[in-house]
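Visitor: got a predicted structure here, sequence first:
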Amino acid sequence: MKHLMIILMCCFLTCLTTAGNAYAECAPPDSDCDGVFDVDEGNGDNDGDGVPNILDLDDDGDGIETIVEVDDLIDPDNDGIPNYFDTDSDDDSIPDSAEYGPDLVDTDGDGIKNYLDPDDDGDGISTFQESNDDFDGNGIPNYLDTDSDGDGKPDAIEGGTNDTDGDGSFEYLDSNDNDGPLGDADGDRIINQIELDIGSNPNSTDSDNDGVKERKKGPENTSTDTDGDGIPNILDEDDDGDGIRTKKERKLAKRKDVDSDGIPNYLDTDSDGDGKPDSEEGVRDYDKDGKPNFIDPDECNGPAADCDADGLTNSQEEAIGSKKLRPDSDGDGIWDGDEVGRLSNPKNTDGDRYINVLDEDDDGDGIPTRKEGAYDIDGDGRPNHLDTDSDGDGISDADEISSGMNTDSDCDHIPDYQDSNDNHMCPPTGNSNSNTGNQPWEGCKKDGDCYDGERCAKKVIHNMCVKTCKSDSDCKGAFKCKKPLFTRFKRCVN
């Protein structure tokens, strides 16, 4: 029987030699010349390929010849199984057959072949942890991919255990490292959870869409509430509570600090520093100078302004030549707006070269408008300053003042141009209130100061004695008994 076994072995070796096998000339104690003594390999068939270990060039069938595995670290994973029998020599969960290649691959170039390297790609994260998965789907398994999640940040930087955004995913397998509660998705330096707690948008740097970026330190943070309305600036569309939205304030002012007080307009309740609150001035452009009122420190310089309140805008005053900031350009006591008439054809009652607005004597009767006033002594519908016969006695004012503006022919203390009944005699010489000639007397204080039934008129131009009447029969010629404007009793007027 023993001889038979020797004969069969010789035949087996002969067949192998015929096939050109490299170990045809090998013999015990290393029958397959793989660097491992037969006694260590034993008669078993470790990889189940039908070739006993002592004759098998690749005892564990991992594609790496036993002689190669023997040359390398014999048991790098210290599992008690020599490499040539261990299908995962480095115990990284990746079979040696997958890690081994024709060039004995060393992906990270650290001098250690992948099948023996616990960190094949050298990113600081073990191959075992990274596994054979392909997280980013780029065709490179994680354990060979230096950016496993494809986020542009190397795994070596992201680390194998870091989870800075607190979403439960390690950063090297988290394509968005800022979407967790501790992350800062919008980069405003306010973590997502805080934004969620206060109601702001963790994915927007401008949650209230007011044009001001959110910042941990700055006007648009989580706690600042400029106007004290209970809404933090980060959520407040009107940060200073002036009734003008923050976005509009920034846009209209072109992001400038109009009054240069160091406070941006959207936080300044008086943006132009004119002493008037923005809430009162608003966004209207009162003077039409192209600047909304709240950022216009001078609301009187635009074409539509009427800061002298005379009823004429600046552009209208420019057109007729009057003064923008003087309601009475000619100083005649009558405001420009009342004198101008139609702007297309301003009044010029006396037809001289000055329109009434600029004329000190509107009717050209020689009596200044300021002296004549806007009364209508004769009740003809024309005020004295436009009436060339103010008292309606048929004698022009110009003629009645020919001897002097204060001529008072009947010594009744009413200048002739305002006295429709100036044809009676002056009082007798010696009367306490009389003067010689046609000059006016001193004003009376009470009816007792007058003579011959006259009464003291206190509400005309001067206090003076005036002859009264009860009916037309008390008057002469065309004169009628009437109560003129601003008097307390009737007198004869024409």
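Guide: All right, it came through fine.
Visitor: mind listing the helices for this protein?
Guide: 2-18, 38-41, 66-71, 96-99, 127-130, 155-158, 192-198, 246-252, 278-281, 314-320, 336-339, 369-372, 397-400 (DSSP state H).
Visitor: pLDDT averaged over the second one - what is it?
Guide: Over the span of helix 38-41, the pLDDT mean works out to 85.
Visitor: please apply the same query to the last one.
Guide: The pLDDT scores in helix 397-400 average 90.
Visitor: all strands for this structure, in order.
Guide: 341-342, 345-346, 455-457, 464-466, 480-482, 491-493 (DSSP state E).
Visitor: pick the most buried one from those.
Guide: Mean neighbours per residue, mean count of other CB atoms under 10 Å, is largest over the strands of the chain for strand 464-466, with a mean of 25. C-beta coordinates here come from the backbone N, C-alpha and C atoms, glycine included.
Visitor: for the chain, which spans come out with low pLDDT?
Guide: 1-25, 71-73, 102-104, 216-217, 423-444, 449-453, 458-466, 476-478, 485-487, 494 (pLDDT under 70).
Visitor: can you list the domains in it?
Guide: Following automatic domain parsing, the chain resolves into domains at 2-118, 314-358, 387-427+435-494.
Visitor: need the ones you listed in CSV (columns: distance to residue 285).
Guide: Putting these into CSV (distance: least, CB to CB, whole Å) gives the following:
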stretch, distance to residue 285
domain 2-118, 70
domain 314-358, 13
domain 387-427+435-494, 42
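Visitor: nearest to residue 127, of those?
Guide: domain 2-118 (3.8 Å; CB to CB).
Visitor: tell me how far that closest one lies from the chain's centre.
Guide: Computed by CA atoms, centre = their mean, to the nearest Å, the chain-centroid distance of domain 2-118 equals 76 Å.
Visitor: please renumber so the chain begins at 27
Guide: All set: I'll call the first residue 27, so the last point we hit is now domain 28-144.
Visitor: spatially central residue in the chain, please.
Guide: Centrality entry for the chain: nearest residue to the mean C-alpha point is residue 273, 2.8 Å, by CA atoms, centre = their mean.
Visitor: contact partners for residue 224?
Guide: 248, 258, 260-261 (CB atoms under 8 Å, 6 or more residues apart in numbering).
Visitor: please redo it, this time with the cut-off set to 6 Å
Guide: residue 248 (CB atoms under 6 Å, 6 or more residues apart in numbering).
Visitor: now the one 3 residues further on
Guide: Each residue near residue 227 by CB under 6 Å, 6+ apart is listed here: residue 233.
Visitor: could I get the helices of the chain as JSON lines with distance to residue 294?
Guide: As requested, the helices of the chain are arranged in JSON lines below (distance: least, CB to CB, whole Å):
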{"stretch": "helix 28-44", "distance to residue 294": "98"}
{"stretch": "helix 64-67", "distance to residue 294": "89"}
{"stretch": "helix 92-97", "distance to residue 294": "79"}
{"stretch": "helix 122-125", "distance to residue 294": "68"}
{"stretch": "helix 153-156", "distance to residue 294": "56"}
{"stretch": "helix 181-184", "distance to residue 294": "45"}
{"stretch": "helix 218-224", "distance to residue 294": "25"}
{"stretch": "helix 272-278", "distance to residue 294": "9"}
{"stretch": "helix 304-307", "distance to residue 294": "7"}
{"stretch": "helix 340-346", "distance to residue 294": "28"}
{"stretch": "helix 362-365", "distance to residue 294": "36"}
{"stretch": "helix 395-398", "distance to residue 294": "46"}
{"stretch": "helix 423-426", "distance to residue 294": "59"}
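Visitor: residue 407 - how many residues pack around it?
Guide: By the measure other CB atoms under 10 Å, the count of residues near residue 407 is 8.
Visitor: how much space between it and residue 516?
Guide: 20 Å (CB to CB, to the nearest Å).
Visitor: before we move on, back to that, so which of the helices of the chain gets nearest residue 235?
Guide: Of the helices of the chain, nearest to residue 235 by CB to CB is helix 272-278, at 6.8 Å.
Visitor: roughly how far out does the closest one sit from the chain middle?
Guide: Per CA atoms, centre = their mean, the centroid offset for helix 272-278 relative to its chain is 4 Å.
Visitor: buried set for it?
Guide: Going by neighbour count (16 or more other CB atoms under 10 Å), the buried part of helix 272-278 is 272-276, 278.
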